[in-house]
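*Asks:* sequence and predicted structure below; questions after.
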Amino acid sequence: SSLGGAEGLAGSLAFKDPRHDLMGYRCLVEQPPGSVGGEGSGPSAHAALRYTLGVPEGDREMPTGKAIPLEFNVDALNGISYTKGCYMG
């Protein structure tokens with residue numbers, strides 16, 4: 001679900017991260033990196049939280065052609081639908 005514009009940040013969009021309840025909200029903002037958020041925010045804090053929760057992201061962590069999505073819990077992270085015909089092979 002989307003929150004529309006995050007309060008006080010014009011041109012922003014925030015939505016609940018569907019991968020894990022503890023991942024919170026993902027925010028897209030038109031601000032320079034590091035100008036939004038406080039202590040404990042930013043790319044390194046986000047990566048640390050993902051690692052703690054076992055949430056992989058991108059080709060560096062799940063190499064194309066070498067990784068099987070189920071090995072990375074993609075099904076448990078709402079990345080695979082067994083009801084709409086996702087190919088798992």
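*Replies:* Okay, I see it.
*Asks:* skipping adjacent residues, who's closest to the spatially most central residue of the chain in space?
*Replies:* By Cα atoms, centre = their mean, the chain has its centre lying nearest to Asp17, at 5.6 Å. Of all residues not flanking Asp17 in the chain, Met23 sits nearest, at 3.7 Å (Cβ to Cβ, 6 or more residues apart in numbering). Yep, even glycine has a C-beta here, placed from its N, CA and C like the rest.
*Asks:* surely the one you found touches Tyr51?
*Replies:* No: contact criterion Cβ atoms under 8 Å: Met23 and Tyr51 do not qualify, at 11.9 Å.
*Asks:* which of those two has more neighbours?
*Replies:* When Met23 and Tyr51 are compared for neighbours, Met23 comes out ahead with 16 against 12, by other Cβ atoms under 10 Å.
*Asks:* check the gap between the more buried one and Glu71 for me.
*Replies:* Met23 sits at a distance of 20 Å from Glu71 (criterion: Cβ to Cβ, to the nearest Å).
*Asks:* check the separation of the first and last residues in stretch 63-72.
*Replies:* One end of stretch 63-72 sits 11 Å from the other (Cα to Cα, to the nearest Å).
*Asks:* show me the contact partners of it.
*Replies:* Pro56, Glu61, Met62, Asp75, Gly79, Ile80, Met88 (Cβ atoms under 8 Å, 6 or more residues apart in numbering).
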